[in-house]
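>>> structure here, sequence nowhere to be found:
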């Protein structure tokens, strides 16, 4: 059974940075995508995703240039470094794993993914 554990959320001032980490166990395929989503009022929005096949990445428009996603294949883990944070980045961040390597499919649709419990990120102004 796939288990996903996130860590690294917290409170930070605007302009600051945070690193979120996610570790997944029970992945049964070598080809998968992992990603981070932020809970918005009406849905979860993909922030950044990475593929296990070639470490290709997908970023939302708001994340480009500020966030960096990376992966440790040996540990089935990934990190999201977030810089230049602003209050609109606040929310619960969820780690997701989808047993298909397409980062766009995971980040844009989010369907068919397994989810962690989420970690709170709060950016104060």
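Okay, I see it. A quick note: this is a predicted structure, and the numbers were derived from the prediction, not measured.

>>> secondary structure element for the closest residue to residue 69 other than its chain neighbours?
Leaving aside its chain neighbours, residue 69 sits nearest to residue 48 (4.1 Å; criterion: CB to CB, 6 or more residues apart in numbering). Yep, even glycine has a C-beta here, placed from its N, CA and C like the rest. Per DSSP states H and E: residue 48 is located in strand 44-51.

>>> so which residues of the protein form helices?
With DSSP state H as the criterion, the chain has helices at 103-104.

>>> show me the residue sitting in the middle of it in space.
By CA atoms, centre = their mean, the mean C-alpha position of the chain lies nearest to residue 36, the distance being 1.6 Å.

>>> so who does that one touch?
Shown in contact with residue 36 (CB atoms under 8 Å, 6 or more residues apart in numbering): 20, 22, 46, 47, 48, 49, 69, 80, 93, 94, 95, 96.

>>> okay, and the helix or strand of this protein with the least pLDDT?
Sorting the helices and strands of the chain by mean pLDDT, DSSP states H and E puts helix 103-104 at the bottom, at a mean of 92.

>>> who are the packing partners of that helix?
strand 44-51, strand 57-59 (3 or more CB pairs under 8 Å, 6 or more residues apart in numbering; DSSP states H and E).

>>> can you add mean neighbour count and give these back as CSV?
Shown next, in CSV, are these (neighbours: other CB atoms under 10 Å):
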stretch, mean neighbour count
strand 44-51, 23
strand 57-59, 20
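
>>> alright, I will stop here.
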